[in-house]
Structure formats: structure tokens, C-alpha cells
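Visitor: Prediction below, plus the sequence it came from.
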2 protein chains.
Amino acid sequence: MQAINHSSVVAGYTPYIESLADLTNGKELIVSGMMQERERCRAALQRAYEGATVALVSSGDAGVYGMAGLALEMAEAESLQVAIEIIPGISAANAAAARLGAPLMLDYACISLSDLLVPWERIRRRIELLAEADMVLALYNPRSTKRVRQLEETVEILRRHRPATTPVGIVTAASSPDETITLTTLSGLLEQSVTMRSLVIIGNSDTRLLNGLLVTSRGYSL
Amino acid sequence: MQAINHSSVVAGYTPYIESLADLTNGKELIVSGMMQERERCRAALQRAYEGATVALVSSGDAGVYGMAGLALEMAEAESLQVAIEIIPGISAANAAAARLGAPLMLDYACISLSDLLVPWERIRRRIELLAEADMVLALYNPRSTKRVRQLEETVEILRRHRPATTPVGIVTAASSPDETITLTTLSGLLEQSVTMRSLVIIGNSDTRLLNGLLVTSRGYSL
């Protein structure tokens, strides 16, 4: 928010910028749709190179499946010498976890099921090892209308290592007016509504349902 | 911050509460030292049960190696029926990542090297599988004055899967006046100052040093 206040230009994915309307009054806007990250990032860097102070907005934490890395890589590749400051945010996994209880209390992994930029075989291999390592998993981009197989395979892999009753939480559109929270299990996950706005948290052997909340125990004796 | 403003009681580890002095004026304080989490949590829950609005403070995200899970577990174990709201924060990994560049841009794991509550053999096994999975790692509690072997073994395991030149970042006392940032490599890590206030991020095969910053590439063609 402070970064936006201090900037004369604000760049971001159209719906994010629309949701920030009360902060962007009178500012120059660089808005564009999904899959246009590169164009948006290039335009933002260009304005910064010309001397403007630019806020390039991501949802959640810009440093986790956000725009931070792309901006640093592009500035280097195109020799645009601009000062870039990364401002951390609350990532979708942390926001969803707080709505579900405390499922990320200890060792956990964030993994994206989108195979747009990473081959599915590589993601799949990671899931196999994470399942074996009994890590709590935060699944980013779990499913879209066109991409459903990845979540099915993920459940199939996890079922070889974890019981059907393993607690699972789904938070869709976290912190927005459309937010929904669903508690289910590994065997029930595929029957639930999971969209590209969902974050799925899959418990490990220490995760339990306590008073309607997911808690992964750190092992304190109480 | 809002949670503290809305509370009449503030509970936390002594140095955290001291650092919040400007927010706690006139409020009842429950402060205690390290390793006294259970006593502090019990006292906080007790005051909430008596009707007070209590803010139980963690550093970073209360839901990641913080107090959220303990509070939920203890409330259930002791049948203290109090409304508990978990407010997410910026976890140490996300804060450190932003200072280092963008090392957590895609799949990564948070793992604590402390074997106070989890047997070292279990942690060690996880590290082996995470190393094999080519996950970027955020190491919590990497080393203390008494506990140095765990970080040595972690480097030894990772060296079987990743080159000596793998980029590593260390952020100590993130976001405090004492903050230090160190960039090194897997083979140089053990020679650096790493304390219990440090967060260590170890890159994977996609992590590079760009203009003095760590960046894990998502694979966009630029």
C-alpha cells in the first residue's frame, strides 16, 4: 500500500488494479490480462527506466509465483538499470492457512501444479518425493477449467503414502468477498470445487482436525 | 498491529513485546522468555477465557513455527472455549527472500533444523528427499551456539545432489536494525555467521545470482 502511495505509476493484472481503485486515483496505470505478465513487466521497467517510480503489483507475495523474479530477470536481460525493491507480502499459502487453522506449523512445501512453464514430469517427481517426505503441501494453481488431470494424479500419488482420511483444506478467493473455505479429506478432495483461485493444503501425519480447524502439531506435550 | 490495538492484554516473548512498546501502552502484558511458550500460551488462553481480548504475538507468521497451533491445541486439550482468530503475517522465509531478491519464485520448502521437538532422523530424511526433489529450501532455526551439527549434515546431504557453487543467502535478524545479508554458496555456507536469528535460503538448479541478487527462474522466455 505504501509502495503504491509513493509511486506515480501502478502496473498489474486488470482485476488486481481494479480492486485497488481507492489507491490509484490520479496515477498512471499499466493494466493487462492474464498471460501478459511479460508485456506488463516490460512496460513497468520501461517507465522506471524513464525515471518514474513504479509499483508493479502482485497478489499475495510478489516473491512466490509472483512478478518479482520476472522483473529482476528482465531488467538484467534487457540491461535496464533500475533500482528494484521487493516488498514481501502474505503469500496465498499463509493467508489460506490462517483461515483453516494452523496447518503450516512446521515443515511444509509450496508447489504449483501448473505445467505452463515447468514440465509435468518434473512437478510429478517432486510431488512423489514430497509425499514420501511427509511434508504438508500447499498446492498453488491446483486446477483450472482446462487442466484437471494434475490434481487427480497428485491425489493418486499422495494416497500411496497417506491415509484416505488425511485432512485437506481448500480456500478459494482468500481474503476476497467471494472467499469460500472447505474442509475435506484426501479421498474427498476431487469431489470438491477447486478452481484456479483455490489454494489447497494437504496435511501430513501430524495434521488433525480440532474443533473444525486444521492443526499440524509441533509435538509439544501439553 | 490492529489486533494489538483491539486487545486489552498482549502476550509474547519478552524481546518481541519490548519491540512493540509503542503499541502496548496501558495494556496488561504477559511476557516470558524462550522455551516458555506453553506457560505464556496457557496464561493468554486463561485471560481470554475470563473474558479479555488477548493478542498472542509471534514474530513472522504465527502459523509458521509460531504460536497459532499451540494455542489451538491447548484450548482444545484444556477445554477452554474461546474464539481464536489466526492473523497471518509475513513469515521469515518471505521476508528474507525479499531482501535477497526472488529465490522463492517457485516450488520451495520450509524446514526447521531444530531437533528440540522433532527427532533429527526424521528431519534428516526430509532433507534427503527435498534435496533429491530439487526444491529451493528455506531453513528455519539453522544453527545455535549449542547446535551446529545439523547445518553441517544438511550441507553434506545437499552436496550429494547440488553443485558446490549453488547460490545460498543468509538473512540474520530480518527487518530489525541488526539485519545482515550474506550471499555465499553451498560450499561456503559453513564458514559464514549463522545464528538462531538467521534464515538460510538454499537455491536449486534454477537459482542464479543476478546483479547481486538471488533469483530462481520460473522459466519465462524473455
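Guide: Nice, I can see it. Numbering: from 1, shown residues only, chains lettered A, B, ... in the order given.

Visitor: Give me the three-state assignment for the residue nearest to residue A:7 when sequence neighbours are not counted.
Guide: Distances taken as Cβ to Cβ, 6 or more residues apart in numbering or on different chains place residue A:55 nearest to residue A:7, at 4.0 Å, with adjacent residues excluded. (Each C-beta comes from the backbone N, C-alpha and C, glycine too.) The three-state assignment at residue A:55 reads strand, by DSSP: H, G, I helix; E, B strand; the rest coil.

Visitor: Could you do residue A:190 as well?
Guide: Residue A:190 ends up helix, using three-state DSSP.

Visitor: List the contacts of it.
Guide: Each residue near residue A:190 by Cβ atoms under 8 Å, 6 or more residues apart in numbering or on different chains is listed here: A:151-152, A:155.

Visitor: ok, the residue nearest to residue A:7 touching residue A:17?
Guide: No. Applying Cβ atoms under 8 Å, one finds residue A:55 not in contact with residue A:17, separated by 10.2 Å.

Visitor: quick one: common contacting residues for those two?
Guide: A:10-11.

Visitor: who has more neighbours, those two?
Guide: Neighbours per residue, other Cβ atoms under 10 Å in any protein chain shown: of residue A:55 and residue A:17, the larger number sits with residue A:55, 23 against 20.

Visitor: Show the model's pLDDT score for the more buried one.
Guide: Listed pLDDT for residue A:55 reads 97.

Visitor: Likewise for residue A:220?
Guide: We have a pLDDT of 83 for residue A:220.

Visitor: Give the helix, strand or coil label for it.
Guide: Residue A:220 ends up coil, using three-state DSSP.

Visitor: Next up, the contacts around it.
Guide: B:37-38, B:70, B:73, B:117.

Visitor: Over to residue A:52?
Guide: Neighbour list for residue A:52: A:7-9, A:28 [criterion: Cβ under 8 Å, 6+ apart].

Visitor: 7 Å instead, please
Guide: By Cβ atoms under 7 Å, 6 or more residues apart in numbering or on different chains, the residues touching residue A:52 are A:8-9.

Visitor: dump the residue contacts of residue A:62.
Guide: So residue A:62 contacts A:68, A:86, A:89 (Cβ under 7 Å, 6+ apart).

Visitor: Was I right to think the second one contacts residue A:68?
Guide: I take that to be residue A:86. Yes. Between residue A:86 and residue A:68 there is a contact under Cβ atoms under 7 Å: 4.8 Å.

Visitor: Between those two, point out the one with more neighbours.
Guide: Taking neighbours as other Cβ under 10 Å, residue A:86 and residue A:68 compare with residue A:68 leading, 28 against 23.

Visitor: quick revisit: keep only the contacts of residue A:62 that also lie close to chain B.
Guide: A:68, A:86, A:89 (Cβ under 7 Å from any Cβ of the partner chain).
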